[in-house]
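Asks: sequence? don't have it. structure:
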């Protein structure tokens, strides 16, 4: 098939290469312009290495973007991780329209941080959706969905790179074949079951040690490796990455107050929370590098009785 490709970053690169590897023709690649001083997006450099035509329009709503898409004569548009708004006048130009990837089971978790939020909320299941882009945010009819589990200790890195990324590449190829062959079914999303979550960034990844230990642990997992859950130590930000939950049932009585460092080991520290402890293995002090939590404590970074987040 002849494809017009819209995307960015590593996922866009992987999907592009998957279509090329099986012999499809990529008529052109649309990716967002890089900010001043930033490195070119890896999708752009990959497309150029393959000798593909690359377009970088500040807006896909422009007449120039629409003209470029029309001149490609594509059978199908493929959107693989796109943050630019793509209007109907643009996505409907290819003969069979356009398909888009979203890393959640729509209509749940519409929005830009749809991988973080299910983990932060303690969900045990997530997935991906291939759907028709419309002018509403992640609201178009569903073509294909794949589900995957979220293990009790899975981080966002585990869920994305081990599951949603490879499953997503395969699903894009499968959905493209179904659409071009006219064998797909489009299912309208149930608006009564829909949810929207905004960005999961710095403010959303702040740890409240007064919360239950399981909530804190889920937040840490949802932010590892990015954006990194954080607390404060002597007024400076301290990011927490690799960790483990120790609920009350495995500890007996919980000592210390919320946020208090109650144990320092060779590789880790233990911090008290409601209903258990958080064992922290890896952290990053403000202005520093990621280090072993035990090493950081022994080097004078903190001591027993230190209360985080104060």
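Replies: Looks like it came in fine. Keep in mind it's a predicted model, so treat the numbers as computed, not measured.

Asks: quick one: the helices in the stretch 51-200 of the chain, in order.
Replies: With DSSP state H, counting those that start in this stretch as the definition, the stretch 51-200 of the chain shows helices at residue ranges 63-72, 88-91, 116-120, 156-159, 165-180.

Asks: let me have the ones you listed in TSV, extended by distance to residue 199.
Replies: (Each C-beta comes from the backbone N, C-alpha and C, glycine too.) TSV is the format used below for the helices of the stretch 51-200 of the chain (distance: least, C-beta to C-beta, whole Å):
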stretch	distance to residue 199
helix 63-72	25
helix 88-91	24
helix 116-120	9
helix 156-159	14
helix 165-180	20
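
Asks: among these, which comes closest to residue 261?
Replies: For residue 261, the closest of the helices of the stretch 51-200 of the chain is helix 116-120, at 23.7 Å, according to C-beta to C-beta.

Asks: so where do the strands sit in the stretch 101-250 of the chain?
Replies: Counting by DSSP state E, counting those that start in this stretch, the stretch 101-250 of the chain has these strands, from start to end: 125-131, 142-149, 229-233, 236-240, 243-247.

Asks: any idea which of the helices of the stretch 51-200 of the chain is most buried?
Replies: helix 116-120 (a mean of 24; mean count of other C-beta atoms under 10 Å).

Asks: who touches it?
Replies: Identification of contacts with helix 116-120 by C-beta atoms under 8 Å, 6 or more residues apart in numbering yields 104, 108-109, 111, 125-126, 150, 154-156, 159, 197, 200, 204, 218-219, 221-223.

Asks: kindly recompute the last result at 10 Å.
Replies: For helix 116-120, the surrounding residues in contact (C-beta atoms under 10 Å, 6 or more residues apart in numbering) are 103-105, 108-109, 111, 113, 123-127, 150, 154-156, 158-160, 195-201, 204-205, 215, 218-224, 226-227, 229.

Asks: before we move on, the earlier item: redo the strands of the stretch 101-250 of the chain as CSV? Include mean neighbour count.
Replies: What follows is the strands of the stretch 101-250 of the chain, written out as CSV (neighbours: other C-beta atoms under 10 Å):
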stretch, mean neighbour count
strand 125-131, 23
strand 142-149, 17
strand 229-233, 21
strand 236-240, 19
strand 243-247, 18
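
Asks: reformat the ones you listed as JSON lines; add mean pLDDT.
Replies: Below are these laid out as JSON lines (pLDDT from 0 to 100):
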{"stretch": "strand 125-131", "mean pLDDT": "98"}
{"stretch": "strand 142-149", "mean pLDDT": "98"}
{"stretch": "strand 229-233", "mean pLDDT": "97"}
{"stretch": "strand 236-240", "mean pLDDT": "97"}
{"stretch": "strand 243-247", "mean pLDDT": "96"}
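
Asks: and of the ones you listed, who's closest to residue 176?
Replies: strand 125-131 (8.6 Å).

Asks: each with direction, which strands does the closest one pair with?
Replies: Applying DSSP bridges to the sheet, strand 125-131 is found paired with strand 98-102 (antiparallel), strand 142-149 (antiparallel).

Asks: could I get these as JSON lines with distance to residue 286?
Replies: Below are the strands paired with strand 125-131 laid out as JSON lines (distance: least, C-beta to C-beta, whole Å):
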{"stretch": "strand 98-102", "distance to residue 286": "34"}
{"stretch": "strand 142-149", "distance to residue 286": "35"}
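
Asks: out of those strands, the one nearest residue 186 is which?
Replies: strand 142-149 (6.0 Å).

Asks: between the helices of the stretch 51-200 of the chain, which one is nearest to residue 132?
Replies: helix 88-91 (8.1 Å).

Asks: return a ChimeraX selection command for the buried portion of the contacts of helix 116-120.
Replies: Here is the ChimeraX command that selects the buried residues among the contacts of helix 116-120 (16 or more other C-beta atoms under 10 Å):
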select :103,104,105,108,109,111,113,123,126,127,150,154,155,156,158,159,160,197,200,204,205,215,218,219,220,221,222,223,224,227,229
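
Asks: and residue 272, that one's in a helix?
Replies: No. Secondary structure of residue 272 (DSSP: H, G, I helix; E, B strand; the rest coil): strand, not part of a helix.

Asks: show me what it is bridged to.
Replies: Beta bridges link residue 272 to residue 277, judged by DSSP bridges.

Asks: now do the contacts for it.
Replies: Residue 272 neighbours (C-beta under 10 Å, 6+ apart): 209, 213, 251, 254-263, 278, 307-308.

Asks: try 6 Å
Replies: Contacts for residue 272 (C-beta atoms under 6 Å, 6 or more residues apart in numbering) come out as 256, 260, 262.

Asks: for it, give me the pLDDT.
Replies: If you check residue 272, the pLDDT there is 96.

Asks: gap between the nearest residue to residue 291 once chain neighbours are set aside and residue 60?
Replies: Leaving out its chain neighbours, the residue that sits closest to residue 291 by C-beta to C-beta, 6 or more residues apart in numbering is residue 283, at 6.8 Å. Note on residue 283: its distance to residue 60, by C-beta to C-beta, to the nearest Å, is 41 Å.
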